[in-house]
Every structure is written in C-alpha cells, then in structure tokens.
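Asks: Pasting the sequence and the predicted model now:
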Amino acid sequence: MIGETHPSGRPQYENGRRWRLNRIVDKAATFILAVGAVIAVTWVVFSYDRTGTTAAANPDPAPPKDAQELAGAAVMGSRSARVGLVMYSDFECPYCAKFALETLPELNRLYVEPGKVLIAFRNLPLPMHSQAEAAASAAACAGEQHSFWPAHDFLFKAQADLTRNTFDNMVERLGLDRRSFSACLASPKPAILADARRASAMGLSVTPSFLIGRVQADHILVSRVMSGAKDVRTFKAALDDALR
C-alpha cells in the first residue's frame, strides 16, 4: 500500500515495509562483509610461505633494474655474506691501482675474511687507456686457472708496463699453464665488453666505481653508488651502514 507522498512527488513506503526493507539490506550487507573477510583471511594464509614471508607470484623473479648479477664476475668472499660491493675497475687507472693495493687489502681483512661482505670485480677499460683491455684479458685468462685475484694484484703493481712481456712474467710468477694462457689470451673476451655495457646501463663512466647493496641469491640489490679511490674510513662507513 502506497503511503504518503514526498513533497517532491515521489511516493514513500509505509513505516512497517520500510523497516523490513532496512532489515533485509542490513542482513545482506553483513553477509557480504562476512564472505569478504573469509576470502581475505584465506588469501593471507596461502600467500605466506613457511618462512613467514609473502610468497612471490613468480618463484624465481628477475632481478630489478638496480640489481647487479654476480654471474661471470670474479668474486672474493662468502656467497652467504649479507652485503656485496661490486667494483668497476680499469687496470691502467692509477686511482684503481690505489684502491686495489691500499684500500682493498684492509677491506678484505675487516669485512671479507669475517664473512660480512662479498666483493665482485667487473671490467670498465676506458678508451684513453690503450693497455687496459689487454690487461683485463690477461686477468680473465688467469681467472680461468683460478688465479684471478693474484693476477689482479700483479697487474696493478705492474701498471706502468702492461705489455705482453709483463703478462708472460705473470704466468711464470703465478705458475700458470703457459699454453692454456696464450690460447685464452688470443681468443675474444665478450665478457669484458658485457661488463662495460652493464656499467653504461648503470650510468657509470669513471673508474673506479663501486656499487654497494644487499646480497640476494645470485645478485646484489644496489642501494649506494660511489666513485673514486675513497679511503678506508669512507668505505667502512658505507659498508657498516649497509650491514645495519
């Protein structure tokens, strides 16, 4: 039964029918909210893995754009380290030599040996350094015989004379297989060019450059970029901050 008419001309329901309609609406809203709550709780339960972290939609997500992969890099330290430092270096760069021979040994003692920090080496031979790419190849070939870091130190100490004769002396000093080394040195090194492209993608154009971040499986999530041969105190502050 239509009751009174609203001043606007629209009819109104009687009080009893209006009350019953409101009850129906309230019950429907309560039911919808209850169903929504059940769905939400179910989603939360099943979206968490056994470690208590939210499960990713993709079990093996690709590293983000600000990540540095460790594959193909010369690595120093434990893969279980919390923090990683990626250096982009040039064997003919005097500031790179300063870092390699003065700062790196101290960082190794303070952070790498205790298992706190992992250090990775990438090549960035600059165009003005005519012997940098050859030296990078020599270091890579030594790396194929598990001697990258001794070669790294040798080449930076011999920076003033990065010639084939120096490379031959390195082979003898490090006890490398000469035939394997020579064959390796004569072959192309796409990995060196790949390092340079990777540096360019990160906006790096000077050496040495350093990327610091948290180690996540096979890559480092970069949170800080540094350039130049900073002193140990500067690196210590940056690494301690990353470890926190």
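Replies: Arrived safely, thanks for sending.
Asks: can you pull up the bridge partners for the nearest residue to A81 once chain neighbours are set aside?
Replies: Computed as C-beta to C-beta, 6 or more residues apart in numbering, the closest residue to A81 that is not its neighbour in sequence is L118, at 4.1 Å. C-beta here means a position set from N, CA and C on the backbone, and glycine is covered the same way. Judged by DSSP bridges, the bridge partners of L118 are G84.
Asks: Check H219 too.
Replies: Applying DSSP bridges, one finds that H219 bridges with E69, Q216.
Asks: So it is in contact with D66, correct?
Replies: No: using C-beta atoms under 8 Å, H219 is not in contact with D66; the gap is 10.0 Å.
Asks: residue contacts, the one residue sitting closest to the centre of the chain?
Replies: By C-alpha atoms, centre = their mean, the chain has its centre lying nearest to I220, at 2.2 Å. Shown in contact with I220 (C-beta atoms under 8 Å, 6 or more residues apart in numbering): 67-68, 70, 84, 86, 118, 120, 211, 213-214.
Asks: where in this structure is pLDDT low?
Replies: Across the chain, residues meeting the criterion (pLDDT under 70) sit at 1-65.
Asks: residue boundaries of the strands in it?
Replies: Applying DSSP state E to the chain gives strands spanning 67-69, 74-76, 83-89, 117-123, 209-216, 219-227.
Asks: ok, and which of the ones you listed has the densest surroundings?
Replies: Most buried of the strands of the chain, by mean neighbour count (mean count of other C-beta atoms under 10 Å): strand 83-89, with a mean of 26.
Asks: so how far is that one from its chain's centroid?
Replies: Centroid separation between strand 83-89 and its chain, computed with C-alpha atoms, centre = their mean, to the nearest Å, is 9 Å.
Asks: what's that strand in contact with?
Replies: Against strand 83-89 from outside (C-beta under 8 Å, 6+ apart): 68, 70, 73, 96, 99-100, 107, 111, 116-124, 195, 199, 204, 207-215, 220, 222, 235, 239, 242-243.
Asks: same thing with stretch 156-163?
Replies: Under C-beta under 8 Å, 6+ apart, the answer for stretch 156-163 is 91-92, 94, 96-97, 100-101, 131-132, 134-135, 155, 166, 169-170.
Asks: Distance of G203 relative to H152?
Replies: Distance from G203 to H152, counting by C-beta to C-beta, to the nearest Å: 25 Å.
Asks: Between those two, point out the one with more neighbours.
Replies: H152 (22 against 8; other C-beta atoms under 10 Å).
Asks: what residues are up against the more buried one?
Replies: 74, 100, 121, 139.
Asks: What sits closest to the last one if chain neighbours are left out?
Replies: In space, not counting the residues next to it along the chain, A139 is nearest to A151; the distance is 4.7 Å by C-beta to C-beta, 6+ apart.
Asks: my read: the one you found touches A135, true?
Replies: No: A151 lies out of contact with A135 (C-beta under 8 Å); the separation is 9.2 Å.
Asks: if I look at those two, which residues touch both of them?
Replies: Common neighbours of A151 and A135 (C-beta under 8 Å, 6+ apart) do not exist.
Asks: Give the buried residues for stretch 89-104.
Replies: 89-93, 95-100, 103-104 (16 or more other C-beta atoms under 10 Å).
Asks: between those, which is nearest S180?
Replies: Comparing these against S180 with C-beta to C-beta picks out F91 as the nearest, at 20.7 Å.
Asks: surely that closest one meets S137?
Replies: No: checked against C-beta under 8 Å, the pair F91 and S137 is beyond contact range at 9.9 Å.
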